[in-house]
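Colleague: got a structure for you, letters missing:
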């Protein structure tokens, strides 16, 4: 370093912040030995030999040092207050320190200065007064409390501590005067409770009763009257307690119509063995309070009647209230069918047939306003419940038949229908052993509103009766109605197969696969193959597969066909291998690359299980190369939306793709070499 440079270095400002020069990292490879943060901290703690000693305590030996210490501390406090004049914590610490030095005059001065800055600080007043009380400066504390309640009369804590101080020093009259001043501000109910407890500690019952009278006038609420009544109850005066409850009813009016008030009033009458009075209160409350707001009241009433009444009286009251509730809901909306369901169940539980009939008749009279099926879904269940009640509960088949007939006439079958009502009607006639009527109902349903459920139910009925000719005719009508229903074709063929009519079943399958539209064709072809397999017609099953391949070249058909050959007894691996090879070539001609790869994977699994090393190696030689390509994306309106990447597969037997593949391999090798 030169002399000039050294001089500049020595003349540099020592307080100047120096920033370390950033240096380039030469070696970015990871270290051979990795060190964790926990290890670094543990080693640092182990290397820490010397512990920092706590600051020494200062010992004052004479008055001069004490005066010096006090001067320094006061200067520190004054400086802190001067910097932030509105920070009350500095004033508090200052005053508490002066208190610890037994200099109460200075402590009062600090508190007064703080109050002059922020006279609404509650904690400041509390600490000021508590200091005076702690050191038994009663008059000073009285002065502080008096000023506090005058400036902040809404702070209940001031009043309570003020009165408590007067009480503990034996000044009961002064404490009572403070409570009286407090009550003039109409405080919260908790303040009135404190005043009452104060009078009760000195057995001043008349004064406490007078305070309660003022309390319910200041806070005319049911809670206030309940407190008053409970207090009178604890004093053992029944008449005065009842008088309080009765006055509360007169004073509050509709505000007294709440669950809590009447529960307490009725419980009081029950405790005094006035069962009739309690019952009258319960009934009055249940008639005037909404049910959703009187759940607990209902429970208490039931419990009361269990002790003092009979069961019929309880049920009559509860059922009557529920009837009233349902009637109110029906007035608001007569087409609320959920209410009708609840209402009907209520009457059914009472086992009064005439009332049940009346409710159901009123319910079904509320026909939906529009002929849309979604409006009728809940309505039709009213008819169903009505018919089931008439049959099962009332045990009146004639009544139930009339309900079913009326329901069938009510539904506009030209616009929509409900299979459930037809099926239930037919099953009802079957239970009545009237098969002719059941057949007639199902036939009428097929003619007016044909649906798959009705055909299926009709066929099941005839199958159970072993009327197979009828089943054939119903299947024919079913397939005329919906020739695309594969389940119907399959079940029809299975029926013929179960009867030993193999040629009929085969003819049905052949007719089914010739249909131009099928809802589940894969199930139909699968059932056709299973049928031929069960009949041990292997060549016919192969012919079914070949017929299916004429219609679709789907990869699953090839896989299923190969697996069929493997599943034979004994398995024909040669045919299965030939099918895989044929399908692999066919999918290559149609450029279905993903399907071709799927077939190849299945073929490899087959060779690994049933082939040898040579066949596995030959098949795996057909594995394609996967490459990434880009293609343009178009929006719905034909505009360009950018490019997207996708995977493409290049099979070894594809002509013209090999040079491009080699070019891509060379490009990838060049890119790796460059990196």
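Modeller: Done, it's in. Keep in mind the model is a prediction, meaning the values are calculated, not measured.
Colleague: Residue 631 should be in a helix, yeah?
Modeller: No: going by DSSP: H, G, I helix; E, B strand; the rest coil, the assignment for residue 631 is strand, not a helix.
Colleague: is it in a bridge, and if so with what?
Modeller: With beta bridges defined as DSSP bridges, residue 631 has these partners: residue 644.
Colleague: Go ahead and confirm it touches residue 640.
Modeller: No: counting by CB atoms under 8 Å, residue 631 does not reach residue 640; the two are 11.8 Å apart. Backbone N, C-alpha and C define where each C-beta goes, glycine included.
Colleague: Name the spans of this structure whose pLDDT lies under the cut-off.
Modeller: Along the chain, the parts satisfying pLDDT under 70 run over 1-26, 48-55, 291-292, 309-318, 320-321, 655-667, 675.
Colleague: Mind jotting down where the strands sit in it?
Modeller: 625-634, 640-650 (DSSP state E).
Colleague: Against residue 62, how distant is the closest residue in space to residue 106 that isn't next to it in sequence?
Modeller: In space, not counting the residues next to it along the chain, residue 106 is nearest to residue 98; the distance is 4.4 Å by CB to CB, 6 or more residues apart in numbering. For residue 98, the distance to residue 62 under the criterion CB to CB, to the nearest Å works out to 21 Å.
Colleague: Those two - which one has more neighbours?
Modeller: The residue with more neighbours, out of residue 98 and residue 62, is residue 98; 23 against 8, by other CB atoms under 10 Å.
Colleague: tell me the contacts of that one?
Modeller: 104, 106, 107, 110 (CB atoms under 8 Å, 6 or more residues apart in numbering).
Colleague: May I see the residues you listed arranged in CSV, with neighbour count and distance to residue 365 as well?
Modeller: CSV is the format used below for the contacts of residue 98 (neighbours: other CB atoms under 10 Å; distance: CB to CB, whole Å):
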residue, neighbour count, distance to residue 365
104, 16, 91
106, 17, 92
107, 22, 88
110, 25, 87
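Colleague: could those go into TSV alongside distance to residue 300?
Modeller: Below are the contacts of residue 98 laid out as TSV (distance: CB to CB, whole Å):
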residue	distance to residue 300
104	61
106	65
107	60
110	60
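Colleague: which one of those residues sits closest to residue 84?
Modeller: residue 110 (14.9 Å; CB to CB).
Colleague: Go ahead and confirm residue 404 touches residue 423.
Modeller: No: with the criterion set as CB under 8 Å, residue 404 and residue 423 do not qualify as a contacting pair; they are 11.0 Å apart.
Colleague: between those two, who's got more neighbours?
Modeller: Under the neighbour definition other CB under 10 Å, residue 404 and residue 423 were set side by side, and residue 404 has more, 23 against 20.
Colleague: Relative to residue 382, how far out is the more buried one?
Modeller: If you measure residue 404 against residue 382 using CB to CB, the figure is 13 Å.
Colleague: do the same with residue 559
Modeller: Distance of residue 559 to residue 382, computed by CB to CB: 53 Å.
Colleague: which residues sit in contact with the residue nearest to residue 372 when sequence neighbours are not counted?
Modeller: Leaving out its chain neighbours, the residue that sits closest to residue 372 by CB to CB, 6+ apart is residue 416, at 7.8 Å. For residue 416, the residues meeting the contact criterion (CB under 8 Å, 6+ apart) are 371, 372, 373, 376, 449.
Colleague: Farthest pair within those residues?
Modeller: Among the contacts of residue 416, the pair separated by the greatest distance (CB to CB) is 372 and 449, at 15.8 Å.
Colleague: Between those two, which has more neighbouring residues?
Modeller: Set residue 372 next to residue 449 and count neighbours by other CB under 10 Å: residue 449 wins out with 20 against 11.
Colleague: Now do the contacts for the residue lying closest to that one once chain neighbours are set aside.
Modeller: Beyond its immediate neighbours in the sequence, the residue positioned closest to residue 449 (CB to CB, 6+ apart) is residue 417, lying 3.3 Å away. For residue 417, the contacting residues are 411, 445, 448, 449, 451, by CB under 8 Å, 6+ apart.
Colleague: Apply 10 Å and report the result again.
Modeller: Contact partners of residue 417, counting by CB atoms under 10 Å, 6 or more residues apart in numbering, are 373, 376, 380, 408, 411, 445, 448, 449, 450, 451, 454.
Colleague: Would you list the phi and psi of it?
Modeller: phi -150, psi 170 (degrees, to the nearest 10).
Colleague: For residue 410, see how far away it is.
Modeller: On the measure of CB to CB, residue 417 and residue 410 end up 11 Å apart.
Colleague: which neighbours do these two share?
Modeller: Applying CB under 10 Å, 6+ apart, one finds that residue 417 and residue 410 are jointly contacted by 376, 380.
Colleague: Make sure residue 118 is actually in contact with residue 91.
Modeller: Yes: in this structure, residue 118 sits in contact with residue 91. The criterion is CB atoms under 10 Å, and the distance is 8.9 Å.
Colleague: how much space between residue 63 and residue 70?
Modeller: With the distance defined as CB to CB, residue 63 ends up 10 Å from residue 70.
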